[in-house]
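1. predicted model, plus sequence, below.
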Amino acid sequence: MMLKLGSHVSMQGDAMLIGSVEEALSYDATAFMIYTGAPQNTRRRALEQLRIEAAQQRMAEQGLPLGNIVVHAPYIINLANPDPEKRRFAIEFLVSEIERTAAIGAEHIVLHPGAHVGQGADVGIAYIAESLDDVFAKTQGVQVRVALETMAGKGTEIGRNFEELRAIMDCVKAPERLSVCFDTCHTHDAGYDIKDDFDGVMQQFDDVIGVERIGVFHINDSKNPQGASKDRHENLGLGHIGFPALSHIVHHPDFAHIPKILETPYVTEDDASKARLYPPYKYEIAMLKANTFDPSFIARIRIDQRK
Ligand code: FE
Ligand code: FE
Ligand code: ZN
């Protein structure tokens with residue numbers, strides 16, 4: 001089976017989604033993830049301007065199913081917001097995002113469940129479930145699942161453990177509309193030992209939620225030790241999870257049908273600079289495909305980019 005492996009890519013300019021497909025192909029990716037606009041705001045282009053048909057045609061040419069496209073909802077959406085007006089806005093926006101996701105032909109839209117901002121997780125979970133009920137009622141019959149992302153547990157994030165995601169699923173009226181996006185950096189930062197015991201963590205996931213719920217993987221290394229609750233992504237093999245564990249997940253036979261998306265940081269000009277300039281994805285994808293870590297890949301990216 002073809003590896004479903006890629007990265008998040010941009011969707012912008014006049015090229016929009018066809019540009020996203022071309023960017024993914026330039027990394028030798030077979031899957032990719034997009035935000036439908038800037039992740040930190042809710043300004044969005046009209047559906048007719050997204051160049052969906054051209055993109056779908058290009059995917060077909062390459063023999064890639066549209067399900068290899070993943071959409072990520074903007075992270076400012078908070079379905080647990082205690083302010084009912086803001087919650088209402090978040091619901092409406094998520095409805096429009098689901099419609100865009102369906103028009104693209106993607107099957108999952110990744111969502112950060114929400115942040116309870118001090119009300120406590122139980123109240124937050126109740127708001128999230130109630131909001132999702134509303135969202136699903138307004139998108140009935142739409143074949144898109146909302147993939148709740150496993151979170152690192154920074155601040156008041158909900159979804160810091162499998163039980164919180166399960167609690168949301170237990171409260172919504174249409175749990176079949178929900179899936180899970182399993183983020184390796186986040187689960188590691190939340191305290192799960194995916195480095196040395198991925199299969200044990202999956203057993204735990206299966207007991208609490210059910211592995212068949214997993215719709216997307218985010219493959220990221222972590223800048224912080226297990227349980228740090230931080231959420232700072234690192235390039236593959238350079239963090240606390242390490243290359244072998246991440247490659248093990250990517251090549252795991254149980255999850256061959258699941259798209260795997262890299263969200264690792266862009267590479268800087270040199271170790272001292274801050275500006276992130278070069279996408280690492282072509283190199284990281286190549287290392288994963290070969291199941292071989294090259295400790296000099298960051299140096300290689302810098303040299304290649306200067307040519
Ligand atoms: Fe995310
Ligand atoms: Fe993620
Ligand atoms: Zn993250």
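-> Done, it's in. Ligands and ions are numbered 1, 2, ... in the order given.

2. who are the packing partners of the helix or strand hosting residue 203?
-> Following DSSP states H and E, one finds residue 203 within helix 198-208. Packing partners of helix 198-208 (3 or more C-beta pairs under 8 Å, 6 or more residues apart in numbering; DSSP states H and E): helix 162-171, helix 243-250. Every C-beta, even on glycine, is put in place using the N, C-alpha and C of the backbone.

3. would you list those helices in TSV and tack on mean neighbour count and mean pLDDT?
-> As requested, those are exported to TSV (neighbours: other C-beta atoms under 10 Å; pLDDT from 0 to 100):
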stretch	mean neighbour count	mean pLDDT
helix 162-171	19	98
helix 243-250	20	98
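
4. now distance to ligand 2 too, for those helices, in a markdown table please.
-> Formatted as a markdown table, these follow (distance: least, C-beta to the ion, whole Å):
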| stretch | distance to ligand 2 |
| --- | --- |
| helix 162-171 | 14 |
| helix 243-250 | 13 |
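
5. among these, which is nearest residue 60?
-> helix 243-250 (24.8 Å; C-beta to C-beta).

6. starting at the chain centroid, how far to the closest one?
-> 17 Å (C-alpha atoms, centre = their mean, to the nearest Å).

7. any idea which helix or strand comes after it?
-> strand 260-262.

8. that following strand pairs with which strands?
-> Strand pairing for strand 260-262, determined by DSSP bridges: strand 5-8 (parallel), strand 214-219 (parallel).

9. excluding sequence neighbours, find me the nearest residue to the closest residue to ligand 2 within the stretch 1-150 of the chain.
-> Among the residues of the stretch 1-150 of the chain, residue 149 lies closest to ligand 2, at 5.7 Å counting by C-beta to the ion. Spatial nearest neighbour of residue 149, chain neighbours left out: residue 181 (4.3 Å); criterion: C-beta to C-beta, 6 or more residues apart in numbering.

10. was I right to think the one you found contacts residue 107?
-> No: look at residue 181 against residue 107 with C-beta atoms under 8 Å: they stay out of range, at 11.9 Å.

11. neighbour count: these two, which is higher?
-> For residue 181 versus residue 107, the count of surrounding residues by other C-beta atoms under 10 Å is larger for residue 181: 27 against 22.

12. what does the chain put close to ligand 2?
-> Proximity of the chain to ligand 2, by C-beta under 5 Å from the ion, involves residues 183, 218.

13. longest helix anywhere in the chain?
-> What stands out as the longest helix in the chain, according to DSSP state H, is helix 84-104.

14. for that one, name the packing helices and strands.
-> Helix 84-104 sits against helix 52-61, strand 69-72, strand 108-111, helix 121-138, with contacts defined as 3+ C-beta pairs under 8 Å, 6+ apart.

15. residues of it that come out buried?
-> 87, 90-91, 93-95, 97-98, 100-102, 104 (16 or more other C-beta atoms under 10 Å).

16. look up which residues are beta-bridged to the closest residue to ligand 2 within the stretch 51-200 of the chain.
-> Nearest to ligand 2 in the stretch 51-200 of the chain, going by C-beta to the ion, is residue 183, at a distance of 3.8 Å. For residue 183, the beta-bridge partners are residue 218 (DSSP bridges).

17. dump the residue contacts of it.
-> 149-152, 217-218, 220, 263 (C-beta atoms under 8 Å, 6 or more residues apart in numbering).

18. recalculate using a threshold of 10 Å.
-> Applying C-beta atoms under 10 Å, 6 or more residues apart in numbering to residue 183 gives the contacts 110, 112, 149-152, 159, 189-190, 216-220, 222, 231, 233, 261, 263.

19. from residue 267, how far off is it?
-> Residue 183 sits 21 Å away from residue 267, going by C-beta to C-beta, to the nearest Å.

20. now do residue 287
-> Going from residue 287 to residue 267 by C-beta to C-beta gives 14 Å.

21. between the two, which contacts overlap?
-> With contacts taken as C-beta under 10 Å, 6+ apart, residue 287 and residue 267 have 280, 297 as neighbours in common.

22. about what we covered before: common neighbours of residue 181 and residue 107, please.
-> Taking C-beta under 10 Å, 6+ apart as the criterion, residue 181 and residue 107 both touch 70, 147, 215-216, 259.

23. hmm, back to that, got the contact list for the helix holding residue 203?
-> Residues from elsewhere that reach helix 198-208, judged by C-beta under 10 Å, 6+ apart: 150, 161-167, 169, 180, 182, 184, 187-188, 192-195, 197, 211-214, 241, 245-246, 248-249, 252, 254-255.

24. spatially central residue in this protein, please.
-> The residue lying closest to the centre of the chain (C-alpha atoms, centre = their mean) is residue 218, at 5.0 Å.
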